[in-house]
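Engineer: let's see this in three dimensions:
(chains A and B)
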Amino acid sequence: MGGFESPDMAAHDSSAHESAPHVPVFTGPRRQELDAILAKYPNKMAALLPALWIVQGERGWISEDSMAEVASELDLTPAYVKGVVTFYTMYHQHPVPKYFIQVCTTSPCGICGAEDVVKALLRHTGAGELGVPSPDNRFAVIEVECLGACGFATPIMINEEFVESVTVDNVQEVLARLA
Amino acid sequence: MGYPHPSHARETPVLSRHFGEEEARTLDGWKKRGGYQALEKALTMAPGDIVNIVKESGLRGRGGAGFPTGMKWSFMKPGDGKPHYLCCNADESEPGTFKDREVMRWTPHALIEGCAIGSYAIGAETCYIYIRGEFTEPLVVMERAVREAYDAGVIGPNAMGTGKRIDVHIHKGAGAYICGEETALMESLEGRRGNPRIKPPFPAVSGVFGQPTTINNVETLAAVPEILMKGADWYKGMCLSNPKSTGTKLYSVCGNIRRPGTYEVVMGFPFGEFLHDVCGGAIERRKLKAVIPGGASVPIQTMAEAEATLMDYEGFVAQGSMLGSGGVIVIDEKQSMVRVIARLARFFAHESCGQCTQCREGTAWTTKIVERIRDGQGTMEDLDTLLSIGENMTGTTICVLSDSCAVPVMSGIKKFRGEFEALIHGKRVHSVMTQVA
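Structural biologist: Numbering: from 1, shown residues only, chains lettered A, B, ... in the order given. As a prediction, the model looks like this:
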């Protein structure tokens, strides 16, 4: 035939390299949650960001299969959903360690010592390098742009928890609370 | 008040009066402090009368642009048969700014009340409060307050028992500075990538979901209930300088300052006294060098400029900068301006949505060049290149993120050229920060 044939979808099925078949997120209470969200907007697409938050809350990250599930729920295409997921920094496209630590290093925190806080976190978590999981796979540390708490330098986020006024001197204490 | 510090005698706490009071976060606590009387009053008034009071008060947008709020509201045409929307911009992401965060954390009902009054005034039945995803605590506080307000019938299908519908919904962002730009915010709310839209059409004509929309900042909306209760004249009276800037303004102060926090002073307050007295001045044995007074997007001020400034929309412009969001970044002599500017450029390069060539390429190249100067690899020609790139990034794109990146770089080279040149010529000027590099 030739020409612009549609590709074989199975060949692009990302579940091929995932270990287990996709278990739907939007069942039971999560389904009710999505229905309640849909009622807040005049169309389905507007529920996309909230729906992705539900997925990440349930699974810790957003897999290609989950994107496809969200797409089907909201009458969108998986490619469209992926386009949105990749735009926003807070959606994880890969599993992250148990404690995902984001450190604000934008200028207001930078002039208050944020870079030293990053170094201390890398040292005390054992991660060593930015974005690399620690050997025990419990921590990853990344730099993040302005967290909007500049008067409480340096703010860090540990998963959903916001911690203010982290300094080189209290890094160990902050980490100890996670144990 | 200078939260987390006690209120300074020279502050005028209106919006920040109840910061730090746990009880003020609850509906009962808020009502005990006079809350929701303004909404009750508003719902008995004609929407046009509310718009007029806000107009007369002189209230201007507190998110950065300073557009007159009452005039913005008057663009919404009542009875056009279309659904109207109010969007509250709570995507506070401008480096140096954290005032809206405190409004939401401590006085969530002040914001809900402002949203409800604003919605009614512009003929909207639905208000979306778009809160950045990183604000996990404000999100929890706001969600709880909205639920309380619904349960008590303050908002909902029969707001305050008047038969009028006012829905307020929280929409959680997912990490993108650009979504604080009003058209990007609407795109994001609709479930899209946060790419700013070309204007016109303006939001009042075709906004979110293609319908007439008004977008207001958190601080702007939170000021409305007080204006309605105490009157336009009271608000107008809070001004030490010129009648175009009225009321109180929240300033979030950060960087190398003794008492960082969120302060509230009347328009026209002397900036020098604000920094040295109200905020405690420089950290011991250090000296202030520069200030970025309105968030990272406004021109850097020298201390001479800052100390000559009267804090209002016109006053900051007269001294080479802008009031912006009120995010005051204080920089002392220990810091390298080149490092500060390089990091800001990197911020804008990271946050560019990439739609416009001038911004996508300009922010990236600016970062690369400023960073090589920072690292001692720059040339004198680089300074001319930066200024030329900056000019081409200004006024040429869909939104102002591009301009915002050029601003600190161009004002930095103009006002602190010596620091750039010293690095280019291999001299060490600033011990601490250059040692880190």
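
Engineer: please, where are all the strands along chain B?
Structural biologist: For chain B, the strands defined by DSSP state E cover B:84-90, B:124-131, B:156-159, B:164-172, B:213-217, B:248-255, B:261-266, B:269-270, B:288-292, B:301-302, B:310-311, B:327-332.

Engineer: tell me what angle the second one forms with strand B:213-217.
Structural biologist: Put plainly, it is strand B:124-131. 40 degrees (axes from the mean of the first three to the mean of the last three CA atoms, to 10 degrees).

Engineer: do the same with the first one
Structural biologist: For the pair strand B:84-90 and strand B:213-217, the angle between their directions (the same axes, to 10 degrees) equals 20 degrees.

Engineer: average pLDDT for stretch A:144-155?
Structural biologist: The average pLDDT within stretch A:144-155 is 96.

Engineer: circling back to that earlier point, between the strands of chain B, which one is nearest to B:Phe202?
Structural biologist: strand B:213-217 (9.2 Å; CB to CB). Using the backbone N, CA and C atoms, a C-beta is placed for each residue, glycine as well.

Engineer: which helices and strands does the closest one pack with?
Structural biologist: helix B:69-74, strand B:84-90, helix B:182-189 (3 or more CB pairs under 8 Å, 6 or more residues apart in numbering or on different chains; DSSP states H and E).

Engineer: name the residues of the shortest one that are buried.
Structural biologist: With burial defined by 16 or more other CB atoms under 10 Å in any protein chain shown, the residues of helix B:69-74 counted as buried are B:Thr69, B:Gly70, B:Lys72, B:Trp73, B:Ser74.

Engineer: leaving out sequence neighbours, find the closest residue to the fourth one.
Structural biologist: Counting by CB to CB, 6 or more residues apart in numbering or on different chains, the nearest residue to B:Trp73 once its immediate chain neighbours are dropped is B:Val51, at 4.7 Å.

Engineer: neighbours of the one you found, how many?
Structural biologist: 22 (other CB atoms under 10 Å in any protein chain shown).

Engineer: check contacts around it.
Structural biologist: Residues counted as contacts of B:Val51 (CB atoms under 8 Å, 6 or more residues apart in numbering or on different chains) are B:Gly70, B:Trp73, B:Ser74, B:Ala121, B:Ile122.

Engineer: ok, now A:Ala114?
Structural biologist: Contacts of A:Ala114 by CB under 8 Å, 6+ apart are A:Val103, A:Cys104, A:Thr105, A:Thr106, A:Ala153, A:Thr154.

Engineer: the same query, at a cut-off of 7 Å, please.
Structural biologist: A:Ala114 makes contact with A:Val103, A:Cys104, A:Thr105, A:Ala153, A:Thr154, according to CB atoms under 7 Å, 6 or more residues apart in numbering or on different chains.

Engineer: so which of those residues reach chain B?
Structural biologist: Filtering these for proximity to chain B by CB under 7 Å from any CB of the partner chain leaves A:Ala153.

Engineer: tell me how chain B divides into domains.
Structural biologist: Per automatic domain parsing, the domain ranges recorded for chain B read B:34-236, B:247-332, B:337-436.

Engineer: what about the shortest one, average pLDDT?
Structural biologist: Just to be clear, that refers to domain B:247-332. Per-residue scores along domain B:247-332 average to 97.

Engineer: what distance separates the start and the end of it?
Structural biologist: Using CA to CA, to the nearest Å, one end of domain B:247-332 lies 30 Å from the other.

Engineer: before we move on, what about the longest one?
Structural biologist: Using CA to CA, the end-to-end distance of domain B:34-236 comes to 21 Å.

Engineer: and that domain, how far out from the chain's middle?
Structural biologist: Averaging C-alpha positions (CA atoms, centre = their mean, to the nearest Å) puts domain B:34-236 14 Å from its chain's average.

Engineer: pairing partners for the residue nearest to B:Pro4 when sequence neighbours are not counted in the sheet, please.
Structural biologist: Using CB to CB, 6+ apart and skipping residues adjacent in sequence, the residue nearest B:Pro4 is B:Gly261, 5.7 Å away. Assessed by DSSP bridges, B:Gly261 has beta-bridge partners B:Val253.

Engineer: ok, B:Gly261 - contacts?
Structural biologist: B:Gly261 makes contact with A:Gly151, B:Gly2, B:Tyr3, B:Pro4, B:His5, B:Val253 under the criterion CB under 7 Å, 6+ apart.

Engineer: I'd like the contacts of B:Val51 as CSV, with pLDDT appended.
Structural biologist: Listed next are the contacts of B:Val51 as CSV, based on pLDDT from 0 to 100:
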residue, pLDDT
B:Gly70, 98
B:Trp73, 98
B:Ser74, 98
B:Ala121, 98
B:Ile122, 98
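
Engineer: near chain B, which residues of chain A show up?
Structural biologist: So far as CB under 7 Å from any CB goes, chain A lies against chain B at A:40, A:42-43, A:45-50, A:53, A:83-84, A:87-91, A:106-108, A:110-112, A:115, A:145-151, A:153, A:157, A:160, A:162.

Engineer: give me the buried subset of those.
Structural biologist: Buried among the residues of chain A next to chain B by 16+ other CB under 10 Å: A:45-50, A:53, A:84, A:87-91, A:106-108, A:110-112, A:115, A:145-151, A:153, A:157, A:162.

Engineer: so what does the longest helix along chain B touch, helix or strand wise?
Structural biologist: The longest helix of chain B (DSSP state H) is helix B:357-374. The helices and strands touching helix B:357-374, judged by 3 or more CB pairs under 7 Å, 6 or more residues apart in numbering or on different chains; DSSP states H and E, are helix B:337-351, helix B:380-392, helix B:401-415, helix B:417-424.

Engineer: how about the ones you listed in JSON lines, adding mean pLDDT and distance to chain A?
Structural biologist: Listed next are the helices and strands packed on helix B:357-374 as JSON lines, based on pLDDT from 0 to 100; distance: least, CB to the nearest CB, whole Å:
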{"stretch": "helix B:337-351", "mean pLDDT": "97", "distance to chain A": "5"}
{"stretch": "helix B:380-392", "mean pLDDT": "98", "distance to chain A": "17"}
{"stretch": "helix B:401-415", "mean pLDDT": "97", "distance to chain A": "9"}
{"stretch": "helix B:417-424", "mean pLDDT": "97", "distance to chain A": "14"}
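
Engineer: could you say which of the ones you listed is packed most deeply?
Structural biologist: With neighbours defined as mean count of other CB atoms under 10 Å in any protein chain shown, the helices and strands packed on helix B:357-374 peak in mean count at helix B:337-351, which reaches a mean of 26.
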